[in-house]
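Colleague: A predicted structure for the sequence below; I have some questions about it.
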Protein chains: 2
Amino acid sequence: MKISDFGGEFKLIDHLASITRMDHPDVLMGIGDDAAVIRTGAKTGPFTLVTTDILLEGNHFKSSWSEPEQIGIKAVECNASDIAAMGGKPAWLFSSLVLSDNTTVAWAERLYKGMAQACRKYGIVISGGDMAKGETNTITITLLGTVSADHLCLRSQARAGDMLIVTGTLGASAAALALLQNELEPSHYLLEKHLIPTCRLDVSDRIAPLANAMIDISDGLASEIGHICKQSCLGADIFLDKIPLHDDVRNAAGQLGTDPVQWALTGGEDYELLFTICQENFKKLSNSGLNFHHIGTITSAKDTLSILDKNGNRSRLPAGYNHFL
Amino acid sequence: MKISDFGGEFKLIDHLASITRMDHPDVLMGIGDDAAVIRTGAKTGPFTLVTTDILLEGNHFKSSWSEPEQIGIKAVECNASDIAAMGGKPAWLFSSLVLSDNTTVAWAERLYKGMAQACRKYGIVISGGDMAKGETNTITITLLGTVSADHLCLRSQARAGDMLIVTGTLGASAAALALLQNELEPSHYLLEKHLIPTCRLDVSDRIAPLANAMIDISDGLASEIGHICKQSCLGADIFLDKIPLHDDVRNAAGQLGTDPVQWALTGGEDYELLFTICQENFKKLSNSGLNFHHIGTITSAKDTLSILDKNGNRSRLPAGYNHFL
């Protein structure tokens, strides 16, 4: 059976994880969150976080659209976003590069300079890697970080009644991609969101001690809410008109005659954070000057993800991006 | 400039490392050894080891020659070999899989079962990963381990006068590959060495506290001796007739009319350990029943790697395998 017929990437990962299930007292969280949580030191933490992400030419980036420095920055940002989603701080990066035979030294150098620039911004040290020759330029980053026990945010820790919050507007990366694919020119804002996204390490450290569950929005809001609900054994109501969209996203949707909310729900690559938090703690965040978007509520209706429009009409959430479908 | 014209993989890695050089007190060893050494816990250790290796279809394995389980085993063994070479114990594995559209679920499942089998053997926990669709099946493993300060073996710690020791015979994997490429059938021994190599975690723990420098033989003996000498600012004399070869390797060389020692020197993928040790400590190892091969001596002649034949004639060592040359 082909992977696409099986149900795609997430289904296959679940399946492979289930047939090789291994528990270990020092693996506090293995497969199934933004990063693994490992006890490498004292029993009570801080713990080590490990995340890994593949970026493939033609799939996750296009050399014809991106400068090599931008690809390098994006590779670091999307991994750092996973560490942010756990409430942690990124620290040590390992880059495995598959480079095609006609890749120039200058291209590799510029890619690496982009990576180094993003690393310096977050105090990450490039600590190793591997390199091989292949057909498709591929950048696989493994990023390690640290998290204290009181900052650790797992997908499974949402509670019924929690507010669902996102840290910024959504759909910009998907809007830029749609415009590029239609040979239309995205605005500077949209293009930047797509080519060199910025993770939310600027705020994650203040959210982490107050939030219950957290995840980064890399595969679309619908998919991420689904992950939180599935792992917390809960459901969610999403307020359709509260999903935050930038004006440029609305304009792009107008240009293409499409619904901008779909980009937010299923587009992916936003690298904003989605978290669940009780009302009292959300007030604390707001009082400290952090203004985020309240887009819904966690409910006790297990596995039931609903969208509510202005008139209170309910519909089920569409699925997020899945690499093999 | 193409990477091959620049001098290949090792030269490019050195170059990229130099333009993005970052030092950090918790990175005891970054780029430039079998694994990075990171302080994630107490100041005096144990330290965390991190290694990453890319295995590409057509380059590091061929689905037409290998069962998927064998590819999975090899992927784990060659990473575990890097942890063994540092004197450490492997612990947590992350697998990033690029799978082509026509890869079946059964193939991925069998690959994963092979990985899990090898992991169980060493007490490694599969703790995460990523998956993406691409043209070429690619397995990028990142393996974390732990090492105590008194077991840590760096490439840079060789001392003039040290004995150069290898843990087993060399060239079997290269011999099998040469036979396969010539459509000849390798012996069971050779084929196994090529398709499912076994790292030397069975002995590394006893070598580590006694050795000075250690490295695993993944790119050929010549290349590995070169790494140790370069990083220790020393040289080496290799005794040509002491390089250990299995009878099957000699037979294969006879079949193909080639020199079996070249396979040992430049063939790669042996996954034996090469270490340097003082005479007194080598006696201790031998007394404890470990019989290894004494193939040369570390000298103070910086960057001078010589091969001495039976008659005492000297020649320079050839270079090891380099992915872009």
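Modeller: On my side now, so go ahead. Residues are numbered from 1 along each chain as shown, chains lettered A, B, ... in the order given.
Colleague: all strands in the stretch 101-250 of chain A, in order from the N-terminus.
Modeller: A:125-133, A:138-147, A:163-166, A:213-216, A:235-239 (DSSP state E, counting those that start in this stretch).
Colleague: ok, the closest residue in space to A:C233 that isn't next to it in sequence - how many residues close by?
Modeller: Among residues not flanking A:C233 along the chain, A:K302 sits closest, at 5.5 Å (C-beta to C-beta, 6 or more residues apart in numbering or on different chains). All C-beta spots, glycine's among them, are computed from the backbone N, C-alpha and C. For A:K302, the count of nearby residues is 12 (other C-beta atoms under 10 Å in any protein chain shown).
Colleague: check A:D101 too.
Modeller: A:D101 has 11 nearby residues by other C-beta under 10 Å.
Colleague: my read: it touches B:S4, true?
Modeller: Yes - between A:D101 and B:S4 there is a contact under C-beta atoms under 8 Å: 7.3 Å.
Colleague: and the gap between the closest residue to A:C199 other than its chain neighbours and chain B?
Modeller: In this structure, A:C199 finds its nearest non-sequential neighbour in A:S81, 3.6 Å apart by C-beta to C-beta, 6+ apart. From A:S81 across to chain B, the span is 13 Å (C-beta to the nearest C-beta, to the nearest Å).
Colleague: on that earlier part again, check contacts around the residue nearest to A:C233.
Modeller: Contacts for A:K302 (C-beta atoms under 8 Å, 6 or more residues apart in numbering or on different chains) come out as A:229, A:233-235.
Colleague: for chain B, what's its nearest residue on chain A.
Modeller: A:G41 (2.8 Å; C-beta to the nearest C-beta).
Colleague: which residues does A:G129 bridge with?
Modeller: Counting by DSSP bridges, A:G129 forms beta bridges with A:S95.
Colleague: from B:D309, how far off is it?
Modeller: For A:G129, the distance to B:D309 equals 38 Å [C-beta to C-beta, to the nearest Å].
Colleague: which one of those two has more residues nearby?
Modeller: A:G129 (28 against 11).
Colleague: name the element the residue lying closest to A:M29 once chain neighbours are set aside belongs to?
Modeller: Leaving aside its sequence neighbours, A:M29 sits nearest to A:V37 (C-beta to C-beta, 6+ apart; 4.1 Å). Here A:V37, judged by DSSP states H and E, is contained in strand A:36-38.
Colleague: would the helix or strand just after that strand count as contacting chain B?
Modeller: Downstream of strand A:36-38, the first helix or strand assigned by DSSP H and E is strand A:47-56. Yes - contact of strand A:47-56 with chain B (C-beta under 8 Å from any C-beta of the partner chain) involves A:48, A:50-54, A:56.
Colleague: what's the offset of the helix or strand that strand A:47-56 is followed by from the middle of its chain?
Modeller: Using DSSP H and E, the next helix or strand after strand A:47-56 towards the C-terminus is helix A:68-85. Averaging C-alpha positions (C-alpha atoms, centre = their mean, to the nearest Å) puts helix A:68-85 10 Å from its chain's average.
Colleague: which among the contacts of A:K302 count as buried?
Modeller: By neighbour count, with 16 or more other C-beta atoms under 10 Å in any protein chain shown, these hold A:229, A:234-235 as buried.
Colleague: since we're on A:K113, how many residues are nearby?
Modeller: A:K113, neighbours per other C-beta under 10 Å, totals 17.
Colleague: and it, how far from A:E67?
Modeller: Counting by C-beta to C-beta - A:K113 and A:E67 are separated by 10 Å.
Colleague: now A:T258. Nearest residue, chain neighbours left out?
Modeller: A:T258 sits nearest to A:A178 (C-beta to C-beta, 6+ apart), 7.2 Å away.
Colleague: number of residues surrounding the one you found?
Modeller: Residues near A:A178, counting by other C-beta under 10 Å, number 22.
Colleague: A:W263 is in contact with that one, correct?
Modeller: Yes - judged on C-beta under 8 Å, A:A178 makes contact with A:W263 at a distance of 7.3 Å.
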